[in-house]
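Asker: sequence and predicted structure below; questions after.
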Amino acid sequence: MPRDTKDAVGADAGGPLADLADLADLILNVGRLVRARTPEGPQVVTLTETERQVMRVVDLYPGAAPSEIARRTRLQRTNVSTALRSLEGKGMVSRAATNGRGIAVRPTERAAANLRVLRAAWAQELAAVLGDDLDAVRKCTHLLSHLEQRLTADDQGGP
């Protein structure tokens with residue numbers, strides 16, 4: 001989405017900072033549009049935005065401690081604790097004590113089934129829009145994965 005004026009960081013409309021700002025804007029909006037097309041009903045467990053963020057980390061890092069989930073999501077520890085209690089009540093996560101005083105959080109089979117339904121729906125939505133240009137999809141996925149890794153690693157000393 002090109003801009004005719006200087007943006008907040010002082011980048012000219014056609015400059016590299018404006019291009020990056022445009023990319024961020026598009027990522028946020030496309031995510032919103034995909035989420036708006038997420039199926040609803042008895043086959044899908046409805047989650048809040050915070051619960052979705054927590055579940056993404058739990059799915060990617062099964063056995064993560066609540067403190068690691070908070071760090072990776074950049075959420076307050078109290079908000080993660082609240083989300084975990086709610087997710088546990090919805091049957092989406094299980095928490096178990098580890099050696100010492102730690103807690104390991106794992107997705108349940110219900111969470112895995114929920115994610116399968118969501119991923120199938122998202123894939124169908126995008127296939128209807130993008131067709132079969134899988135090379136472009138893979139390049140975009142690679143770029144966004146790299147971006148996600150760098151953004152989550154910037155205060156952790158690595159990916």
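Answerer: Cool, got the structure. Computed from a predicted model, the values in this text were never measured in an experiment. Numbers count the residues shown, from 1 in each chain.
Asker: show me where this protein has strands.
Answerer: Counting by DSSP state E, the chain has strands at residues 93-97, 103-107.
Asker: got those strands as a markdown table, with distance to Arg56 columns?
Answerer: Heads up, the C-betas are built off the backbone N, CA and C, glycines and all. Converted to a markdown table, the strands of the chain look like this (distance: least, Cβ to Cβ, whole Å):
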| stretch | distance to Arg56 |
| --- | --- |
| strand 93-97 | 12 |
| strand 103-107 | 10 |
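Asker: need the winner for burial among the ones you listed.
Answerer: The highest average neighbour count among those, using mean count of other Cβ atoms under 10 Å, belongs to strand 103-107 at a mean of 18.
Asker: in CSV, could you pull the C-alpha coordinates for that one?
Answerer: The C-alpha trace of strand 103-107 is given here as CSV (Å, rounded to 0.1, in the frame of the first residue of the first chain):
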residue,chain,number,x,y,z
ILE,A,103,6.1,-27.1,34.9
ALA,A,104,5.9,-28.4,31.3
VAL,A,105,3.0,-27.4,29.1
ARG,A,106,2.0,-29.7,26.3
PRO,A,107,-0.8,-29.6,23.7
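Asker: which elements pack onto that strand?
Answerer: The helices and strands touching strand 103-107, judged by 3 or more Cβ pairs under 8 Å, 6 or more residues apart in numbering; DSSP states H and E, are helix 49-60, helix 66-73, strand 93-97.
Asker: output the strands of the chain as CSV; include the columns mean pLDDT and distance to Thr78.
Answerer: Shown next, in CSV, are these (pLDDT from 0 to 100; distance: least, Cβ to Cβ, whole Å):
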stretch, mean pLDDT, distance to Thr78
strand 93-97, 95, 16
strand 103-107, 96, 15
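Asker: low-confidence ranges, this protein, go.
Answerer: 1-14, 154-159 (pLDDT under 70).
Asker: got the residue ranges for the helices in this protein?
Answerer: 16-36, 49-60, 66-73, 77-89, 109-130, 134-153 (DSSP state H).
Asker: what's the angle from the shortest one to strand 103-107?
Answerer: Okay, so that is helix 66-73. 60 degrees (axes from the mean of the first three to the mean of the last three Cα atoms, to 10 degrees).
Asker: distance from helix 66-73 to the middle of the chain?
Answerer: Put simply, helix 66-73 sits 13 Å off its chain's centre (Cα atoms, centre = their mean, to the nearest Å).
Asker: can I get that helix as CSV, trimmed to CA atoms?
Answerer: Only the C-alpha atoms of helix 66-73 are listed here, as CSV (Å, rounded to 0.1, in the frame of the first residue of the first chain):
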residue,chain,number,x,y,z
PRO,A,66,5.2,-21.0,31.3
SER,A,67,8.1,-18.5,31.6
GLU,A,68,9.4,-19.6,28.2
ILE,A,69,5.9,-19.2,26.7
ALA,A,70,5.8,-15.7,28.1
ARG,A,71,9.2,-14.9,26.7
ARG,A,72,8.4,-16.2,23.2
THR,A,73,5.0,-14.6,23.0
